[in-house]
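*Asks:* Predicted model, plus sequence, below.
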Amino acid sequence: MGSTEVLSDNLEEQRIETALGLLQVYASLVQLNLNNMKKVEPFFDLENIRQKRQTVLRPLQNAIGIIFQYFGYNNSSN
């Protein structure tokens, strides 16, 4: 394995760890502001999270969509 490939693999691992960390922050904000998701919007682009296609974290995106549906969240009501 070449050094560029190792660096690329390390970068991908760090990208995934960063995404998971941000997901934890997002989940905490949702938990604290469940009745008013507008308070989460300054920190996370909710529409982008819901619409953006994911590859590595697709199951997590699906889970977020399920949470939004469960709590009846949509952009017009909150």
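*Replies:* That came in fine, so what should we check first? All values reported here derive from a predicted model rather than from experimental measurement. Numbering: from 1, shown residues only.

*Asks:* which element is residue 64 on?
*Replies:* Using DSSP states H and E, the secondary-structure element containing residue 64 is helix 58-70.

*Asks:* Oh, that last question was meant for residue 22, not what I typed.
*Replies:* Counting by DSSP H and E, the element that carries residue 22 is helix 3-32.

*Asks:* which parts of that helix are buried?
*Replies:* Neighbour counts over helix 3-32 (16 or more other CB atoms under 10 Å) mark 23, 26, 29, 30 as buried. The way it works is simple: take the backbone N, C-alpha and C, and place the C-beta from them, glycine included.

*Asks:* which residues of this structure score low on pLDDT?
*Replies:* Within the chain, the set of residues satisfying pLDDT under 70 comprises 1-2, 52-62, 73-78.

*Asks:* State the distance from the residue positioned nearest the centre of it to residue 11.
*Replies:* Residue closest to the mean C-alpha point of the chain, counted by CA atoms, centre = their mean, is residue 23 at 4.7 Å. Using CB to CB, to the nearest Å, one obtains 19 Å as the distance from residue 23 to residue 11.

*Asks:* Check residue 72 too.
*Replies:* Computed as CB to CB, the residue 72 to residue 11 distance reads 38 Å.

*Asks:* same deal with residue 18?
*Replies:* Using CB to CB, residue 18 is found at 10 Å from residue 11.

*Asks:* backbone phi and psi for residue 71, please?
*Replies:* Here is the backbone geometry of residue 71 (degrees, to the nearest 10): phi -90, psi 10.

*Asks:* Neighbours of residue 40, how many?
*Replies:* 20 (other CB atoms under 10 Å).

*Asks:* now residue 64
*Replies:* For residue 64, the number of neighbouring residues by other CB under 10 Å comes to 19.

*Asks:* Roughly how far does residue 68 sit from residue 7?
*Replies:* Noted for residue 68: a distance of 36 Å to residue 7, by CB to CB.
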